[in-house]
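Chemist: I would like to see how this sequence folds:
(chains A and B)
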Amino acid sequence: DAGVIQSPRHEVTEMGQEVTLRCKPISGHNSLFWYRQTMMRGLELLIYFNNNVPIDDSGMPEDRFSAKMPNASFSTLKIQPSEPRDSAVYFCASSLDLGQGAYEQYFGPGTRLTVT
Amino acid sequence: AQSVTQPDIHITVSEGASLELRCNYSYGATPYLFWYVQSPGQGLQLLLKYFSGDTLVQGIKGFEAEFKRSQSSFNLRKPSVHWSDAAEYFCAVGSLSSGYALNFGKGTSLLVTP
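Modeler: Got it, this is the predicted structure:
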């Protein structure tokens, strides 16, 4: 059974360019999460969706970041324009929420983003 | 405020020795508790979870954890560490009132020496 799939695995881009990260959650899961991991700040929740609807985007650092989930099997995280301080590993995770609180999340392998 | 604390940033143990990684939480509601492991360059993998019932839970790879409500702790243990256990370990906490989100600790880096 396929886990959470993220692409690309590595992305190197120049400051000012647009970056799009992609995620395919586990089939049947109805919650999706985007995280950012850095040495300084650890693992930060950026946004999460439930049934394709954004529930909480308070972790999105600024307007340069946006996320969409057009259907149950696909989500994107876009950074435009990118800046060097956006360099981090971005994880997507999914879970099956049965309406009874926080369930275990399954993580993808991450996208390592480097902005020069 | 809800918080998760992993007091040890780094831990070094000898192969074959026992291991205990600490996790303390501060939550107003009954917590749901998780331990994840992250190998270098990889995503986070769920080791074990506690929702209710028996406070000693077994996980994958020979790990176990014990929920102690009186101490607000959920420490991870393994009786005999293998070199392949070297990784970063994260404790995470959620609750019915927190909705979907999990609150992750800063992580503990485990080094295993021969």
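
Chemist: Quick one: residues contacting A:Asp97.
Modeler: A:Asn30, A:Ser31, A:Asn50, A:Tyr103, B:Tyr100 (C-beta atoms under 8 Å, 6 or more residues apart in numbering or on different chains). For glycine as for every other residue, the C-beta is placed from the backbone atoms N, C-alpha and C.

Chemist: Closest one of those to B:Asn75?
Modeler: Ranked by distance to B:Asn75 (C-beta to C-beta), the contacts of A:Asp97 are led by A:Tyr103 at 22.0 Å.

Chemist: Is the closest residue in space to that closest one that isn't next to it in sequence bridged to anything, and to what?
Modeler: If the residues on either side of it in the chain are set aside, A:Tyr103 comes closest to A:Ser95, at 4.8 Å by C-beta to C-beta, 6 or more residues apart in numbering or on different chains. Beta-bridge pairing of A:Ser95 under DSSP bridges involves A:Ser31.

Chemist: Run through the residues that contact A:Ser95.
Modeler: A:Ser95 sits next to A:His29, A:Asn30, A:Ser31, A:Phe33, A:Tyr103, A:Glu104, A:Gln105, A:Tyr106, B:Tyr100 when contact means C-beta under 8 Å, 6+ apart.

Chemist: So what's the residue count around the second one?
Modeler: Put plainly, it is A:Asn30. 17 (other C-beta atoms under 10 Å in any protein chain shown).

Chemist: Tell me if I'm right that it and A:Tyr48 touch.
Modeler: No: counting by C-beta atoms under 8 Å, A:Asn30 does not reach A:Tyr48; the two are 11.1 Å apart.

Chemist: before we move on, the earlier item: minimum pLDDT in the contacts of A:Asp97, which residue is that?
Modeler: Among those, B:Tyr100 has the lowest pLDDT, at 68.

Chemist: what's near enough to touch the nearest residue to A:Asp57 once chain neighbours are set aside?
Modeler: Closest residue to A:Asp57 apart from its sequence neighbours, by C-beta to C-beta, 6+ apart: A:Ile47 at 4.3 Å. Contact analysis of A:Ile47 by C-beta under 8 Å, 6+ apart lists A:Phe33, A:Trp34, A:Pro54, A:Asp56, A:Asp57, A:Gly59, A:Met60, A:Ala67, A:Leu77.

Chemist: Could you list everything A:Ile47 pairs with in the sheet?
Modeler: A:Trp34.

Chemist: Point out the residues in chain A that sit beside chain B.
Modeler: Within chain A, the positions near chain B by C-beta under 8 Å from any C-beta of the partner chain are A:4, A:31, A:33, A:42-43, A:45, A:48, A:50, A:55-56, A:91, A:93, A:95, A:97, A:100-110.

Chemist: Just these: which are in strands?
Modeler: A:31, A:33, A:42-43, A:45, A:48, A:50, A:55-56, A:91, A:93, A:95, A:106-107 (DSSP state E).

Chemist: Chain B: which of the residues you listed is nearest?
Modeler: A:Phe107 (3.8 Å; C-beta to the nearest C-beta).
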